[in-house]
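J.: Sharing a model prediction with you, sequence too.
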Amino acid sequence: MEAFFSYPLVQVSFRLEWISEGNKSTQYQQDVVTFESGNISTPTCKNKQIILVWDSPPQCVCILTKPNCKRVHDLCKEMILWLHSVSLSIYVEPRVRREMLADDLSMAFLHTWDSDEELCFLHNKIDLIVTLGGDGTVLWAASLFRGPVPPVVSFAMGSLGFMTPFQSESYRECLLSVMKGPAYITIRHRLHCRIIRHSSSSKSRKKQAGEEVYIVLNEVAIDRGMSSFLTNLECYCDNIFVTNVQGDGLILSTPSGSTAYSLSAGGSMVHPQVAAMLFTPICPHSLSFRPLILPEHVTLRVQVPEKSRGDAWVSFDGRERLQLGCGDALVCHLSSWPVPTACTLESTNAFLEGVKEGLYWNMRKLQVGKDIGLNV
Ligand SMILES: NC(=O)c1ccc[n+]([C@@H]2O[C@H](COP(=O)([O-])OP(=O)(O)OC[C@H]3O[C@@H](n4cnc5c(N)ncnc54)[C@H](O)[C@@H]3O)[C@@H](O)[C@H]2O)c1
Ligand SMILES: Nc1ncnc2c1ncn2[C@@H]1O[C@H](COP(=O)(O)OP(=O)(O)OP(=O)(O)O)[C@@H](O)[C@H]1O
């Protein structure tokens, strides 16, 4: 022992390596941790504010609109005519093209898509997405682009508008400013969700044995549906058993979704650009089941036990409700394709303004301070 300590102590250097299964991307490997002589340190915080700078002016805009709203329809028409007058190509949904042509036959210049396959490659044709509606329209826009997503400019034409920072009244100035750049961007992470059917699960389900994939911007929620039993969900993180959720269900949320359903179930609010996954139980029948926030690289599997008393139901951004039978599982990890949304302010200010203005976060009358005028 003595001989061992008689050497002068020199710390050795070492490496921490990233393991990314089957992923050749090195984008996360550059800026996280540095190691000199065995000391682990993170570099001083770099400015992570993301700015959109165009190499050449955008040429093609896709406008996505909330249906059944005259105000949205009228603004969409006005915006189309203006964008056309400044020589931009315009894509709209097939429904919107039909509606516009019914109003005005000269709108035949509008582009659209005819098949799911064409929709899959739409991101190669358009430079900018514009949404007219509420948060639901932003979710809808994100759901149309399952791979890469062009920058999204969202005009508020709903009621809450947490993800719709631009004012529709000044759409020309806003669009000119974004199309000229530079523009503030928030990178909103999404979740890649896969349903894996147990070989013996019910025949009544939409797709039999095989996989169904969904990409969500807010959350995937698993609940007890019509069943009056507690849900019983087995949760695994990177294939290691974590816990059983016994209650009304479980929300796996993105940071963007942290201000939506997860918030109502007691989850924390997280800045949308944080790469993480929120694990938020819904009405757990337990005194100690608190929500978690997990790091970006994990894969979660939520499985209905083979001996479960009831089925479970899963929904994606509040839509596409599917039944999960005994043995069926949901597997979820961060998607490689986030949604870049333009903001009017720098991304952190935009988030803090949103929670204050949209959700009235910590609105309380200020307590009266000491009366320093009193001479005591
Ligand atoms: N108990 C709840 O809080 C609850 C229940 C069901 C669904 N939802 C949320 O509704 C979303 C679907 O939205 P929708 O507009 O299509 O349905 P919707 O019309 O039912 O609206 C739900 C509300 O949630 C708001 N919202 C949506 N995404 C948000 C976000 N990221 N941050 C803050 N608020 C947000 C919307 O502005 C709207 O006011 C789901 O993804 C889910 O998060 C919440
Ligand atoms: N282009 C679209 N096609 C089909 N459905 C859409 C489209 N855009 C939005 N929706 C759906 O319409 C519903 C309402 O949309 P949205 O949330 O944008 O409006 P809103 O309810 O007026 O806004 P808010 O939620 O802020 O009150 C949502 O459920 C959304 O999924």
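T.: Sure, I can see it. Numbering: from 1, shown residues only. Ligands and ions are numbered 1, 2, ... in the order given.

J.: Residue numbers of the stretch 1-150 of the chain in contact with ligand 2?
T.: Applying Cβ under 6 Å from any ligand atom, we find that the stretch 1-150 of the chain lies next to ligand 2 at 64-67, 93, 133-137, 139-140. Where C-beta positions appear, they are placed from N, C-alpha and C, glycine not excepted.

J.: and the stretch 201-350 of the chain, which residues reach ligand 1?
T.: Counting by Cβ under 6 Å from any ligand atom, the residues of the stretch 201-350 of the chain near ligand 1 are 218-219, 256-257, 259-261, 264, 317-318.

J.: so Gln167 touches Met157, yeah?
T.: No - the pair Gln167 / Met157 is not scored as a contact, 9.9 Å apart, by Cβ atoms under 8 Å.

J.: quick one on the thing from earlier: filter the residues of the stretch 201-350 of the chain next to ligand 1 down to the ones in helices?
T.: Applying DSSP state H to those, the entries found in helices are 261, 264.

J.: And the residues of the stretch 201-350 of the chain next to ligand 1, which of them are buried?
T.: 218-219, 256-257, 259-261, 317-318 (16 or more other Cβ atoms under 10 Å).

J.: who's the residue in the stretch 201-350 of the chain positioned nearest to ligand 2 bridged to?
T.: For the stretch 201-350 of the chain, the residue closest to ligand 2 is Arg319, as judged by Cβ to the nearest ligand atom, at 6.1 Å. When bridges are called by DSSP bridges, Arg319 pairs up with Phe316.

J.: On the pLDDT front, check it for me.
T.: We have a pLDDT of 93 for Arg319.

J.: Pull the number of nearby residues for it.
T.: Using other Cβ atoms under 10 Å, Arg319 has 12 neighbouring residues.

J.: With Cys120 instead?
T.: Cys120 has 14 neighbouring residues, counting by other Cβ under 10 Å.

J.: got the phi/psi numbers for whatever residue of the stretch 151-300 of the chain ends up closest to ligand 2?
T.: Proximity of the stretch 151-300 of the chain to ligand 2 (Cβ to the nearest ligand atom) peaks at Gly158, 2.3 Å away. When read as degrees, to the nearest 10, the backbone of Gly158 gives phi -120, psi -150.

J.: Next, count neighbours for the closest residue to it other than its chain neighbours.
T.: Of all residues not flanking Gly158 in the chain, Gly134 sits nearest, at 1.8 Å (Cβ to Cβ, 6 or more residues apart in numbering). For Gly134, the neighbour count with other Cβ under 10 Å is 22.

J.: Show me which residues of stretch 122-142 are buried.
T.: 122-123, 126-142.

J.: wait, does it make contact with ligand 1?
T.: Yes - for stretch 122-142, a contact with ligand 1 is found by Cβ under 6 Å from any ligand atom, at 134-136, 139.

J.: ranges for the helices of the stretch 51-200 of the chain?
T.: 70-85, 94-103, 116-120, 135-144, 171-180 (DSSP state H, counting those that start in this stretch).

J.: send the alpha carbons of the shortest one over as PDB?
T.: Output of helix 116-120 as PDB, limited to C-alpha atoms (Å, rounded to 0.1, in the frame of the first residue of the first chain):
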ATOM      1  CA  ASP A 116     -50.000  10.400 -49.100                       C
ATOM      2  CA  GLU A 117     -46.900   9.600 -51.100                       C
ATOM      3  CA  GLU A 118     -46.800  13.100 -52.500                       C
ATOM      4  CA  LEU A 119     -47.300  14.500 -49.000                       C
ATOM      5  CA  CYS A 120     -44.300  12.500 -47.800                       C
END
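
J.: That helix packs against which elements?
T.: When contacts are defined as 3 or more Cβ pairs under 8 Å, 6 or more residues apart in numbering; DSSP states H and E, helix 116-120 sits against none of the other helices and strands.

J.: Pull out the buried positions in that helix.
T.: Of all the residues in helix 116-120, those buried under the rule 16+ other Cβ under 10 Å are Leu119.

J.: and the two most separated of the residues of the stretch 1-150 of the chain next to ligand 2?
T.: Glu93 and Asp135 (18.1 Å; Cβ to Cβ).

J.: circling back: neighbours of the residue of the stretch 151-300 of the chain closest to ligand 2, just the number please.
T.: The burial count for Gly158: 21, using other Cβ under 10 Å.

J.: right, and it touches Val138 too?
T.: No - shown here, Gly158 and Val138 do not form a contact pair, counting by Cβ under 8 Å, at 9.3 Å.

J.: hey, what's in contact with both of the two?
T.: Common contacts of Gly158 and Val138 (Cβ atoms under 8 Å, 6 or more residues apart in numbering): Thr164.

J.: Gln167 and Met157 - which one has more neighbours?
T.: Per other Cβ under 10 Å, whichever of Gln167 and Met157 has more neighbours is Met157, with 21 against 14.

J.: quick one: the more buried one and Leu75 touch, right?
T.: Yes - judged on Cβ under 8 Å, Met157 makes contact with Leu75 at a distance of 7.2 Å.

J.: Give the residue spans of the stretch 201-350 of the chain that score low on pLDDT.
T.: By pLDDT under 70, the low-scoring segments of the stretch 201-350 of the chain are 201-211.

J.: Spell out the residue ranges of the helices in it.
T.: With DSSP H, counting those that start in this stretch, the ranges of helices along the stretch 201-350 of the chain come out as 261-264, 347-357.

J.: Could you measure from the residue nearest to Gly158 over to Lys370?
T.: Note on Gly134: its distance to Lys370, by Cβ to Cβ, to the nearest Å, is 45 Å.
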